[in-house]
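Engineer: okay, here's the prediction I keep looking at, along with the sequence it came from:
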Amino acid sequence: MNLVPVVGTVTLDGQPLANKSLMFTPESGGGVSAGGNTDASGKYSLTAVVSGVTGDQAGAPPGQYKVTVFEPMIPIESAEGDEMMEEMIIPGESQSTIPPIYQAVATTDLVVTVPDAGGTIDIKLSSGG
């Protein structure tokens, strides 16, 4: 499988979106998805979700993807590992700052192309959706 490196920054209204999860889902509906988490400065790198593989596979296959951004299921720890950056969000009781349109594949209007060589793909969200 051809995986290429994909990195970038996620922002909301121009400000870095720290400690969030994102998923690249193939627009075709089939194939390999890739996901990652943002750090304190909103930066991410993708890891492919490959069935049957036990280790992380860095990158994503080239192609068109719908992008979703959402609260992590498990709180993301700080670099020091001694304190949680964020309280766990319970689905349905979300106090998320992420506009709902970006949180589901069915509603997101974010579509990106991962080029054959990979590269930097910045994800820019706006509170207006």
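Structural biologist: Cool, got the structure. Predicted model, so just to flag it, every value in this text is computed and none were measured.

Engineer: what stretches of the chain score poorly on pLDDT?
Structural biologist: By pLDDT under 70, the low-scoring segments of the chain are 75-95.

Engineer: where along it do the strands fall?
Structural biologist: Along the chain, the segments classed as strands by DSSP state E run 6-12, 15-16, 21-26, 33-37, 43-45, 47-49, 57-58, 63-70, 111-114, 119-120, 123-125.

Engineer: what's the closest of those to residue 97?
Structural biologist: Among the strands of the chain, strand 6-12 comes nearest to residue 97, with 6.6 Å by C-beta to C-beta. Where C-beta positions appear, they are placed from N, C-alpha and C, glycine not excepted.

Engineer: so which elements touch that closest one?
Structural biologist: strand 43-45, strand 119-120, strand 123-125 (3 or more C-beta pairs under 8 Å, 6 or more residues apart in numbering; DSSP states H and E).

Engineer: centroid residue for the chain?
Structural biologist: residue 22 (1.6 Å; C-alpha atoms, centre = their mean).

Engineer: wait, which of the strands of the chain is closest to residue 98?
Structural biologist: strand 63-70 (5.5 Å).

Engineer: just how off-centre is that closest one within its chain?
Structural biologist: Distance of strand 63-70 from its chain centroid, counting by C-alpha atoms, centre = their mean, to the nearest Å, is 7 Å.

Engineer: which parts of it are buried?
Structural biologist: Neighbour counts over strand 63-70 (16 or more other C-beta atoms under 10 Å) mark 63, 65, 66, 67, 68, 69, 70 as buried.

Engineer: quick one: contacts for the first one?
Structural biologist: When the contact criterion is C-beta atoms under 8 Å, 6 or more residues apart in numbering, the partners of residue 63 are 26, 27, 28, 31, 113, 114.

Engineer: hang on, isn't the second one packed against residue 64?
Structural biologist: Yes - applying C-beta atoms under 8 Å, one finds residue 27 in contact with residue 64, separated by 4.1 Å.

Engineer: for the residue lying closest to residue 126 once chain neighbours are set aside, the count of nearby residues, please.
Structural biologist: Distances taken as C-beta to C-beta, 6 or more residues apart in numbering place residue 13 nearest to residue 126, at 5.8 Å, with adjacent residues excluded. Residues lying near residue 13 (other C-beta atoms under 10 Å) number 12.
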